[in-house]
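Peer 1: Can you look at this prediction? I've put the sequence above it.
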Amino acid sequence: MPGFTGFRALALLLAVGIAPALLAADGGIVTAPPSSPAFIVMGFVGGFVRRDNPHHGPVKLAQRIQQEAPKEAHIEVFENRHRKSAYRMILHLLDANHDGKLSREEKAAARIILFGQSWGGSAAVLLARELERADIPVMLTVQVDSVAKLWQNDQVIPDNVAAAANFYQPHGIIHGTKEIRAADHSKTRILGNYLFDYRQTPAQCDSYPWFDRTFTPGHMQSECDPRLWSQVEGLILERINPESRSLAVNPGR
């Protein structure tokens, strides 16, 4: 057990609010591991889809990633209109010492991945931009047939994003942005703009409503296509699971 001097040091640490610090058996100070998650993976569903709808691509992907990710990872899906809630959740998760503000060290420790489909793809980019203003880095953004609302820009990836990928299909009333680009190519690597042409290779989406199958078939197929989402999954697992070495390719071209 630490001697009297050790107990005085511990009391001093608690008095100044350094809760994570503990005393080693020899009286030295060791730092407890932070309580923030090792990785934060945030997904966004498109349209007016509920965040827990089990038939939609982002929800299915989050469930699969949860099975493969380290137990310290935080994985969550949001509705695209709740981007601010996702932002607040990230700030809360990064606040390892729970003092209500993020230090430079807490920001630098961030391991964040953002993805989404349709309006959700645009939400992922906008959230990355908001994190940039807070000096918080993002490891990866992935957009799937990304559709920006009138006042949004989902084509330019901000400087705080290390890597970004875009999957799109070009047909129909609703179709995703064809090309994303880096605001600064020296800071962001664009992994690719991957085309999936469902007129050549359709995907089966039998559980989707007749309206989607009739009026927005291409956009709908981008959400249910297992080939596409397998590529997104590979990109994410490559970063959060050291044993994964999957690389994105474009089987839809």
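Peer 2: In hand now; what should we look at?

Peer 1: wait, Asn193 sits on Lys178?
Peer 2: Yes: look at Asn193 against Lys178 with CB atoms under 8 Å: they come within range, at 6.4 Å. In this view, the C-beta of every residue, glycine as well, is placed from N, C-alpha and C.

Peer 1: So which of these two has more stuff around it?
Peer 2: More neighbours surround Asn193 than the other of Asn193 and Lys178, with 18 against 13 (other CB atoms under 10 Å).

Peer 1: Report the strands that pair with the helix or strand containing the more buried one, each with its relative direction.
Peer 2: Take DSSP states H and E as the rule and Asn193 turns out to sit in strand 189-195. In the sheet, strand 189-195 lines up against strand 161-168 (parallel) (DSSP bridges).

Peer 1: Now tell me what touches the strand it pairs with from outside.
Peer 2: 128, 132, 137-146, 157, 175-180, 182, 187-196, 222, 228, 231-232, 235, 248 (CB atoms under 8 Å, 6 or more residues apart in numbering).

Peer 1: Give me the buried positions along the strand holding Asn193.
Peer 2: Neighbour counts using 16 or more other CB atoms under 10 Å place Ile190, Leu191, Gly192, Asn193, Tyr194 of strand 189-195 among the buried residues.

Peer 1: For the most centrally placed residue in the chain, which non-adjacent residue is spatially closest?
Peer 2: In the chain, the centroid-proximal residue (CA atoms, centre = their mean) is Leu114; its distance is 2.1 Å. Excluding the flanking residues, the one nearest Leu114 by CB to CB, 6 or more residues apart in numbering is Ala124, at 4.0 Å.

Peer 1: What strand or helix carries the one you found?
Peer 2: Residue-wise, Ala124 maps onto helix 119-133 under DSSP H and E.

Peer 1: Would you confirm that the residue nearest to the centre of the chain belongs to a strand?
Peer 2: Yes: Leu114: assigned to a strand according to DSSP: H, G, I helix; E, B strand; the rest coil.

Peer 1: Please tell me I have it right and it contacts Val138.
Peer 2: Yes: the criterion here is CB under 8 Å, and Leu114 meets it with Val138 at 6.2 Å.

Peer 1: which neighbours do these two share?
Peer 2: Residues touching both Leu114 and Val138 (CB under 8 Å, 6+ apart) are Ala128.

Peer 1: mind listing what Leu94 touches?
Peer 2: Taking CB under 8 Å, 6+ apart, one finds Ser36, Ile40, Leu102, Glu106, Lys107, Ala109, Ala110, Ile136 in contact with Leu94.

Peer 1: phi, psi of the fourth one?
Peer 2: Dihedral angles of Glu106 (phi, psi; degrees, to the nearest 10) stand at phi -70, psi -40.

Peer 1: who does Val77 bridge with?
Peer 2: Gly43.

Peer 1: Distance check, it against Ile174.
Peer 2: 21 Å (CB to CB, to the nearest Å).

Peer 1: which of those two has more neighbours?
Peer 2: Remark: of Val77 and Ile174, Val77 carries more neighbours, 25 against 19, as counted by other CB under 10 Å.

Peer 1: isn't that one right up against Lys60?
Peer 2: No: look at Val77 against Lys60 with CB under 8 Å: they stay out of range, at 9.8 Å.

Peer 1: one step back: and the residue nearest to Leu114, how far from Ala148?
Peer 2: For Ala124, the distance to Ala148 - CB to CB - is 11 Å.

Peer 1: more neighbours, these two?
Peer 2: Under the neighbour definition other CB under 10 Å, Ala124 and Ala148 were set side by side, and Ala124 has more, 33 against 19.

Peer 1: okay, that one: pLDDT?
Peer 2: The confidence metric pLDDT takes the value 97 at Ala124.

Peer 1: how about low-confidence regions in the stretch 1-150 of the chain?
Peer 2: Along the stretch 1-150 of the chain, segments meeting pLDDT under 70 span 1-35.
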